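Undergrad: Curious how this folds, go ahead:
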Amino acid sequence: MFAVIDRFEGEFAIIETYDRKMMNIKRNLLPSKAREGDVIDLESMTVDFKETLRRKDEMRKLAEDLFTNDD
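TA: Next up is the predicted model:
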């Protein structure tokens, strides 16, 4: 199961699963380099860097399309 780190609050990471459920996980269970927006494999508690990059690229493209003036 995969989830995305939404934010950190104190000693907890607030994550959102792909079925849109929010969960709190102790921050110390995550890799020390985990950041907001990272995709986490909840079984291995590792960052899926490939999927994180794919999602960030997708969001960047959507933002570019949103703000591109086609006049």
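
Undergrad: quick one: contacts for the spatially closest residue to residue 25 that is not a sequence neighbour?
TA: Residue nearest to residue 25 in three dimensions, not counting chain neighbours: residue 13, with 5.0 Å by Cβ to Cβ, 6 or more residues apart in numbering. Quick note: C-beta positions are derived from backbone N, CA and C, even for glycine. By Cβ atoms under 8 Å, 6 or more residues apart in numbering, the contact set of residue 13 is 5, 7, 24, 25, 26, 27, 30, 34.

Undergrad: between these, which is closest to residue 57?
TA: Residue 57 has its nearest neighbour among the contacts of residue 13 in residue 5, at 17.4 Å by Cβ to Cβ.

Undergrad: For the host helix or strand of the closest one, which helices and strands make contact with it?
TA: Using DSSP states H and E, residue 5 falls within strand 2-9. On a contact count with 3 or more Cβ pairs under 8 Å, 6 or more residues apart in numbering; DSSP states H and E, strand 2-9 meets strand 12-17, strand 22-26, strand 39-41.
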